[in-house]
Every structure is written in C-alpha cells, then in structure tokens.
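Trainee: Here is the input, now give the coordinates:
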Amino acid sequence: MDITLVVLAAGIGSRYGAGIKQLEHVGPGGEIIMDYSVHDAIRAGFNRVVFILRPDIREEFMEAIGNRMEARFQALGVRWAYAYQETKDLPEGRTKPWGTGQAVLCCAPLLDGPFAVINADDYYGKQAFKLAYEFLSGYRPEEPGRYGMIGFVLKNTLSDVGGVTRGVCEVDGDGDLAKVTETRGIVRTAGGGAAVPDGDGWRQLDPDSLVSMNMWLLTPAFLDGLGARFDAFRAGLADPRKGEFLLPEIVDAMVKEGRATVRVLRTTDQWFGITYQEDRAPVTEAFRDLIARGEYSADLFSDL
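Mentor: Below you'll find the model as predicted:
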C-alpha cells in the first residue's frame, strides 16, 4: 500500500515579500525546508510524494528541488508526481488560488490510498512524520472517515518576528479533535508564554495547548464529494475575490456532519517556518544547530 506525502507548494506567500519563500535556501548545501520534510517522510516510511504547484513556478521549482529530487527518488525507489493548482480561470479581480482544500482537490486523481498533507514552507520535525506514518499505515478501508492531525505544542510554534495565526485545538476524552479555534495575532511573551490581543490589552494563552499546523492525515474518503463541496463554497461567496476553501474548515464540517473523526497526535518537536523575510536567518541557524547536534547530516540524504 502506498502511503503518500502531499506537499502544498502553490502558496503565494504574500507576507514574505520578493521571491518565493518555499524555495529559499536554509541548509548548508542549499537545501530548502521542503528537502528536510521529504527526507523525514521517506525515513519514516512514506514511499510516494505528490507536489502541488502553480504552473507559473514550475521552472523555478524544478531548478530548486524537482530535478535533483527526482534522481534521489529513483535511487531510493520512491514514486513521485506533480499536480497543478491553476490560476487562469479565477474570477475577475482575484489573483490567488482558492486555498488548501482546492489544492488537494487538484491532485485527487493521483490519490488512491492514505496520505498526509503538509505545507512546503514549514518544518515539522522527525517525530511528526513518524507519528503520521504509524497512523496512516494502520488505515482500514472499513473506517474511511478516520482521519488524523499532528498537534504541536503552541510555545514550540511561535515566531520571534511577529504575531502568528494558530488553530488552537480542543481534544475530547478519546483523544479526538473536538474543536479548532482560529486565533490571530499570537505572540511570544517575555517569560516564554503566549498571548493574543484582547481589546485594549492581552489575553494569556496556555503555552502548552495543542495547535494545528496544517499537517493532516487523510484517507481516500476525504476526496468523496470534495468537488461538490468546492462548488457549493464558490456559489456561496458574496465576493468571489475573497474567501478560501481551507482544509481545517472542510475537516471541521465533516466532523460536524458525523462523516469523520480526527485523532490528535501530539508532537513535542519544534516547529519553524518562513512567514516573513526576517524568519530566514533564524530558520537557517536552526538547521545549523540541528546538524551540529547530529539530527541531520550536512549531506542530507546520505543516511537513507
């Protein structure tokens, strides 16, 4: 059975400024964050990778990662494919794609088994991919709506540069996701805690609470009716220039409809990613530290 990693690499990264943030070099050999995610996924047991791109960044993507990654995949016996999130048919006045849900819809014909979905510009850590593989390798067709989500500790996901948006999770007694509250403007406090703007002041958050970083563990059943759901989403927009068809909202709707349950798998690894230009230097330093501690080789794929 194939266990597939789906990499969302079509995002525009509007807050980042010039350049394509998914393709920024952060490793000693010119590696990008995506290299480390693919490495960790293959090491955990994933045997197939699907990259979702915008057609206009294909050439840059192939130069930065695709050409060399294909040679590695061939040597390792890993299958791969590309899917494209088109922007040519967008309504007048809209310039960006429809969001992560539509991105997964674009690669639906390529998915016939369990799969994990990740952002291309996020580092999730080795433990996250081990948990993901263990969960997905237990996929049973008789439980088609049994999904999973990797839950990160809030304090391990904050930026030193600016406020961030996180989906703060509530987990029920069975370890399943009960609710996700999208919370904007979360900052790290001087004492290492977390706070969010609240009126004229700040509301403290539990720094050990779990948050979603858009690492979803899904089955082929997730794709059933996804096209119709997307059509209904578009039809219901008051302004087609705005709005996004997002994975967390789709999963939440399926849970409320009784079509799915979502097991929350807790990881204590440090998350980091590139949201702002100022994030690149600390992310590069973080990978330097991981290599110094022996977590990775300077020749990244030499241990596979």
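Trainee: residues near residue 143, how many?
Mentor: Residue 143 has 12 neighbouring residues, counting by other C-beta atoms under 10 Å. The C-beta positions use only the backbone N, C-alpha and C, and glycine is treated the same way.
Trainee: Could you measure from it over to residue 299?
Mentor: Counting by C-beta to C-beta, to the nearest Å, the separation of residue 143 from residue 299 is 41 Å.
Trainee: next one: residue 45
Mentor: Applying C-beta to C-beta, the value for residue 45 to residue 299 is 22 Å.
Trainee: Check which residues of stretch 131-148 are buried.
Mentor: 131-133, 135-136, 139, 145-148 (16 or more other C-beta atoms under 10 Å).
Trainee: Between residue 45 and residue 299, which is the more surrounded one?
Mentor: residue 45 (14 against 9).
Trainee: Can you tell me, leaving aside adjacent residues, what's nearest to that one?
Mentor: residue 133 (4.3 Å; C-beta to C-beta, 6 or more residues apart in numbering).
Trainee: which residues of the chain fall in strands?
Mentor: Along the chain, counting by DSSP state E, strands occupy 4-8, 48-53, 79-84, 115-119, 122-123, 146-153, 164-171, 177-188, 194-198, 201-205, 210-218, 261-267, 272-273.
Trainee: For residue 32, find the nearest of those.
Mentor: Within those, the stretch nearest residue 32 is strand 122-123; the backing value is 10.3 Å (C-beta to C-beta).
Trainee: and that closest one, what does it pack onto?
Mentor: helix 33-44, strand 210-218, strand 272-273, helix 280-292 (3 or more C-beta pairs under 8 Å, 6 or more residues apart in numbering; DSSP states H and E).
Trainee: just to revisit the earlier point, can you tell me which of the buried residues of stretch 131-148 lies nearest to residue 61?
Mentor: For the buried residues of stretch 131-148, the minimum distance to residue 61 (C-beta to C-beta) is 23.2 Å, reached by residue 132.
Trainee: isn't the closest one right up against residue 215?
Mentor: Yes. Counting by C-beta atoms under 8 Å, residue 132 touches residue 215, with 7.0 Å between them.
Trainee: what about the closest residue to residue 157 other than its chain neighbours, distance to residue 6?
Mentor: Once flanking residues are discounted, residue 157 sits nearest to residue 271: 4.5 Å by C-beta to C-beta, 6+ apart. Counting by C-beta to C-beta, the separation of residue 271 from residue 6 is 18 Å.
Trainee: No further questions, thank you.
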